[in-house]
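**Q** Output the structure for:
(chains A and B)
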Amino acid sequence: MTSYRLPNRGRVDHARPVKFTVDGKSYQGLAGDTLASALLANGVHLMGRSFKYHRPRGVVSAGSDEPNALFGTRRGPGRFEPNTRATLQELRAGLEATSQNRWPSLAFDMGAINDNLGSLFSAGFYYKTFMWPRAFWDRVYEPVIRNAAGLGVSPTEHDADTYASRFAHTDVLIVGSGPAGLAAALAAGRAGASVMLVDENAEPGGTLLSEPSVVIDGKPAWDWLAQALAELAGLPNVTVMTRTTAIGYYHQNLVGLCQRLTDHLDTPPEGAPRERMWKVRAKEVVLAQGALEKPLVFDGNDRPGVILAGAAQTYLHRYGVKVGDRPAIVTAHDSAWYAAFDLAEAGAKPAVIVDVRASVDPALTDRARALGIETLTGRTVTGTSGRLRVKSLRVNRMENGKAGAPRDVACDAVLMCGGWTPCLHLFSHTQGKLAWNEAAQCYLPGTKTEAVQIAGAGRGLWGIAAALEDGAKAGALAAKDAGSEAEAPAFTVSADRIGSGVTLRELPTDRDPGKAKAFIDFQNDVTAKDIRLAVREGMRSIEHVKRYTTNGMATDQGKMSNVNGLMIAADALGKAPPQVGLTTFRPPYSPTTFGAFAGYHKDATFEVTRKTPIDPWAEANGAVFEPVALWRRAWYFPKPGEDMHAAVSRECRGARASVGIFDASTLGKIEVVGPDAVTFMERMYTNPWAKLGVGRCRYGLLLGEDGFIRDDGVIGRLAEDRFHVTTTTGGAARVLNMMEDYLQTEWPDLQVWLTSTTEQWATIALQGPNARLLLAPFVPDVDLSAEAFPHMAVIETTVAGFPARLFRVSFTGELGFEINVPARHGRALWETLFEAGKAYDITPYGTEAMHVMRAEKGYIIVGQDTDGTLTPDDANLNWAIGKAKPDFVGKRSLTRPDMVAKGRKQLVGLLTDDPKVVLEEGAQIVADPSQPRPMTMLGHVTSSYWSDALGRSIAMAVVVDGRDRDGETLHVPMPDGSIPAKVVKGTVFLDPENSRLSA
Amino acid sequence: MNAMTPTIAAGATVTELAPTTRIVLRLADPGGVGIALGVPLSERIGSRATNGARSALCLGPDEWLIEAPETEAATLGAMIADLAARTAISAVEVSDREITWRIEGPAVLELLAAGCPRNLAGMPVGEGARTIFDSVQIVLTREAEDRFHLTVWRSFAPHVRAILDLALRELASGL
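**A** The predicted structure is shown next:
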């Protein structure tokens, strides 16, 4: 194969060949190549198939705006990425790339039939085609669209890579390391400000890498660049980061940077993350992102070999690759002329330079003549030929504003330039206003919302001298605003190739414009005629045109297409572009991996998993765990051969027959302390607290302002001014926040303070008739008898030698104790009690048995039996309201008319006619299962278990006017038939006299 | 891994410290209280006053974290009880609520930057802050230029430690 590599050119290492494969075929490139430049060096332009029409496509840019050259890339198992941009992926040894969106092969793709059916796929074709019949939506249209959407294939394996995140703070963050960014970094860095200079490319330098002929401060551009980078490297306050894309610009100068760490390495070091997401808070931001080149819009502008002129210049100078031997150049801007000159000097033979402008600077035509290049001005181009690679360009003379007779020019590449668009993306993220510049026919940054400077081509300045000067000023200004005295350095520049151009809509043609495949958005296959059709069909706003045509909606976010689309839409509407507007850019600037966003949050660190001090014992003893809020809790402890049902039944039996031991450490605990503690408790909870004696406990019920149940728990009074409040496991943080909110905003006069003590204490529940017998020997200082230490007592003492808060409470209906010891002693106490408990056949039980036993006693679980719409009355908890209290949170809401009206859902018991049937939690309840659908739902099952103690199933449910339905049979319709069940007003199924509890 | 075994990598180590006595002290007016506690109460949030091995870190307008060696627990307890009899305060022991790691080494700022959004380079030695590390609430104090103490609630510690270990591995990789 012919090599398009030019020896002694480019910044690649000609002495270091690198082997790689594409679709299984081996190629050789050089160290320093991108996948795109290496393929071009091998004469390969065909790099993809378009999304909708499956048209063969070549690489069109040399940067992150590339719409076509997208590959799947792979580095062994679990390391596959779809839609990798060949223009950014650096070559590494053994890189495996696969082309996308083609079958059976890139060169011969069956899907290309779509290209001939273009009239079926016009703008808005989704909306027009996939409407009827309705039934086709789910089974035909949607799967087809989903299958067609997107280019690459999603990875199927677990991602073997790791990803990192890091926060950083800096005085000045500079985005883009072209001449403007470098000058800004020099200015701010010399001033002593802390500076981060980031660039998405592998190498800093930006335009300078593609413009080696310019001379700065008397040095060739690349020598000056090396010197500038060396100076920056020597400044300890400056950090230069390459392969780092600023993906989003958020409030208060927070900028997200995605740094690619290993994708370019032959062998990544052990432990290295693939990418790192930086969250940088900068005092000042300098945006020096430059400008993006626009394609020209003409029929066949997407044929492989048609490439942006600036990209061709980059391939030549950075990579030593000529994109063709006989390129034709077609342009609306001077810059493409220079690309042609550089290629000619490198040995290519440009066939022609076509400029759509009637006249250009004579210096350009003179230079072209000297290089032997034919020049044609005042022309239009109306087509290209060639199947998988461009073979000729169709050029027409313009006569009286119309395309005249055509002429074909043979070529092996077409370099096009439709001018340059200042890169506004990050600025747009700040919601900064854009201003239309009539002279330049483009949008420029307008009103700023953040502490930001925009420098260089990003604000419409053209030429390296201008960029350096502007960057230096911006850097100095930013450093000054960040608090450092700074001066803008001056640079002398010669051989700067400044130029200008015009902004156009699609080029005029002598053929039927309705048949022209003149692409605007290469990635989404949007053509000029699609935009015009959208306008004809009534789209007026650019936002509607965008969505109707999908212009700019691909992963490149319209970097190439937005302005061309706008110019054509404005023309079709007969309005000036600023009257039509511009669509909004949103983060991320370029496609970013999910891994980079997830950072450390995968596998074991996916989310916080809180564990109690006793958790390791549970794990060692075979517990099955369940997540409860952020905690994992022992769910049940199966013995060999036991399923969940058997284990839970055994655990319940063990506790009720003798003694069970349970880890209740996750219960939220809040210490309420201060002279006004009791006043605070009176106001927060529904219950009365004033008369609760020291050493006594009470069930506390917490409502919201709306009168609905928020939380509950047992609360002990340890001293006149000190309460030990417990909350539900999941409610701990919420309740503390709610209390703090009231304290700080409603009652700042109260002398009371709240401290979370959830984690100070490990809490062990001993429940069962033998609980006292087991515990008493370990509590030498307290008489645990029913008389001396009755139900709902609390005392500070020692248990097994550990300081402890000992509660006599029960959530099972059995004689029970909850022992709180400092967390570090939790496991030791557990093991001590478990050893001693063996004499009583002690049974460790998990949360499921706890749920069953509490349900047998009719104790509710907030959040399971309540759903944020239940009042105390709805939940049979009126007894927990201090009737004499003047006020408490939610009190006034409880007397609102609809809170006391008939028809509220009330918590009741539900017993299935067949005692063996266990209802499904969440199942709906109806009065008559034979009523026509949709049926009237009366409520739903909130808790449902098999009760070993009762030898039957039990359930709790919320049912409309439930208590009035005592004895009524309701029905629970299920897929395989309706289940009849009887309402019981009371939810206490076991030991309603509390004789076991008070034992 | 033994919790007391330090993790050493790329210029940073993480070592769990032995427990100390910790009291969350809340009160409206700190004037004069410091004398009764044997350590002054600084009123600027983030500042820490010390007296011998006893310290008081101001974490909020009415909140101090008092730390003392466990050998002083009884004396401190008595001083607090005495104070509480005369003044409206809340003193709650949280010695077991949290654990503390000593994190030190030349790369300590990079390591903490893996999860802490604060600009820790700007934290003076001898000061501290309640902040977050990867969504988890922590208290950080700067003990030396290259040494911090990170205090975290016990059940969140494994998560924080796992991320610190991932970040240490990342630092050791040199990338």
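**Q** For the rest of this, base every contact and every neighbour count on C-alpha atoms.
**A** OK.
**Q** Up against chain B, what does the stretch 801-950 of chain A have?
**A** By C-alpha under 8 Å from any C-alpha of the partner chain, the residues of the stretch 801-950 of chain A that approach chain B are A:822-824.
**Q** so how far is residue A:804 from the residue in chain B that chain A sits nearest to?
**A** In chain B, the residue that lies nearest chain A is residue B:97 (3.8 Å; C-alpha to the nearest C-alpha). Applying C-alpha to C-alpha, to the nearest Å, the value for residue B:97 to residue A:804 is 15 Å.
**Q** ok, now which ones touch the residue of the stretch 151-300 of chain A found nearest chain B?
**A** Nearest to chain B, among the residues of the stretch 151-300 of chain A, is residue A:166, at 4.3 Å (C-alpha to the nearest C-alpha). Listed by C-alpha atoms under 8 Å, 6 or more residues apart in numbering or on different chains, the contact set of residue A:166 reads A:276-279, B:110, B:113-115.
**Q** returning to what we had before: neighbours of the residue nearest to the residue of chain B closest to chain A when sequence neighbours are not counted, how many?
**A** Nearest residue to residue B:97, sequence neighbours excluded (C-alpha to C-alpha, 6 or more residues apart in numbering or on different chains): residue A:760, at 3.8 Å. Burial measure for residue A:760: 23 neighbouring residues, criterion other C-alpha atoms under 10 Å in any protein chain shown.
**Q** can you check the one 3 residues further on too?
**A** Using other C-alpha under 10 Å, the number of residues around residue A:763 comes to 31.
**Q** just checking, it is part of a strand?
**A** Yes: with DSSP: H, G, I helix; E, B strand; the rest coil as the criterion, residue A:763 is part of a strand.
**Q** Assess the claim that it and residue A:665 are in contact.
**A** Yes: contact between residue A:763 and residue A:665 holds when scored by C-alpha atoms under 8 Å: they sit 4.2 Å apart.
**Q** what ranges do the helices span in chain B?
**A** With helices called from DSSP state H, chain B shows them at B:33-37, B:73-86, B:108-113, B:157-172.
**Q** among those, which is the most enclosed?
**A** When those are scored by mean count of other C-alpha atoms under 10 Å in any protein chain shown, the highest mean neighbour count falls to helix B:108-113 (a mean of 23).
**Q** does that one come close to chain A?
**A** Yes: using C-alpha under 8 Å from any C-alpha, helix B:108-113 reaches chain A at B:110, B:113.
**Q** And that helix, what does it pack against?
**A** Secondary-structure packing of helix B:108-113 (3 or more C-alpha pairs under 8 Å, 6 or more residues apart in numbering or on different chains; DSSP states H and E): strand A:163-175, helix B:157-172.
**Q** Bridged to residue A:402, which residues?
**A** Bridge pairing for residue A:402 (DSSP bridges) gives the partners residue A:399.
**Q** Please tell me how far it sits from chain B.
**A** Separation of residue A:402 from chain B (C-alpha to the nearest C-alpha, to the nearest Å): 59 Å.
**Q** go on, residue A:914?
**A** Relative to chain B, residue A:914 is positioned 44 Å away (C-alpha to the nearest C-alpha).
**Q** So that residue: helix, strand or coil?
**A** coil.
**Q** Burial check on it, number of neighbours?
**A** Using other C-alpha under 10 Å, residue A:914 has 12 neighbouring residues.
**Q** Same check on residue A:537?
**A** By the measure other C-alpha under 10 Å, the count of residues near residue A:537 is 13.
**Q** okay, residue A:135: pLDDT?
**A** Here, the pLDDT recorded for residue A:135 equals 69.
**Q** Can you pull the residues of chain B lying near chain A?
**A** Within chain B, the positions adjacent to chain A are B:24, B:26-27, B:88-98, B:110, B:113-119, B:153-156, B:158-159, B:162-163, B:166-167, B:169-170, B:172-175 by C-alpha under 8 Å from any C-alpha.
**Q** and if we set it to 7 Å?
**A** B:26, B:88-90, B:94-97, B:113-117, B:119, B:153-156, B:159, B:162-163, B:169-170, B:173, B:175 (C-alpha under 7 Å from any C-alpha of the partner chain).
**Q** Just the buried ones out of these, please.
**A** If you count burial by 16 or more other C-alpha atoms under 10 Å in any protein chain shown, the buried members of the residues of chain B next to chain A come out as B:26, B:88-90, B:94-97, B:113-117, B:153-156, B:159, B:163, B:169-170, B:173, B:175.
**Q** Now the terminal residues of stretch A:577-592, how far apart.
**A** 31 Å.
**Q** Just the residues contacting it, thanks.
**A** The contact list for stretch A:577-592 (C-alpha atoms under 7 Å, 6 or more residues apart in numbering or on different chains) reads A:64, A:247-248, A:425, A:428-429, A:436, A:541-543, A:555-556, A:566-567, A:570.
**Q** how about it: buried residues?
**A** Those would be A:577-578, A:580-583, A:585-592, for stretch A:577-592 by 16+ other C-alpha under 10 Å.
**Q** which one's the longest strand in chain B?
**A** Ranked by number of residues, the top strand in chain B under DSSP state E is strand B:136-144.
**Q** Could you export that one as PDB, CA atoms only?
**A** Taking C-alpha atoms only, strand B:136-144 is exported to PDB below (Å, rounded to 0.1, in the frame of the first residue of the first chain):
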ATOM      1  CA  VAL B 136     -19.400  11.200  54.100                       C
ATOM      2  CA  GLN B 137     -19.200  13.800  56.900                       C
ATOM      3  CA  ILE B 138     -15.800  14.000  58.400                       C
ATOM      4  CA  VAL B 139     -13.800  16.300  60.700                       C
ATOM      5  CA  LEU B 140     -10.300  17.200  59.500                       C
ATOM      6  CA  THR B 141      -7.600  18.800  61.500                       C
ATOM      7  CA  ARG B 142      -4.300  19.800  60.200                       C
ATOM      8  CA  GLU B 143      -1.600  18.700  62.600                       C
ATOM      9  CA  ALA B 144       1.400  19.600  60.500                       C
END
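**Q** Note down every partner strand of that strand and its orientation.
**A** strand B:128-133 (antiparallel), strand B:147-153 (antiparallel).
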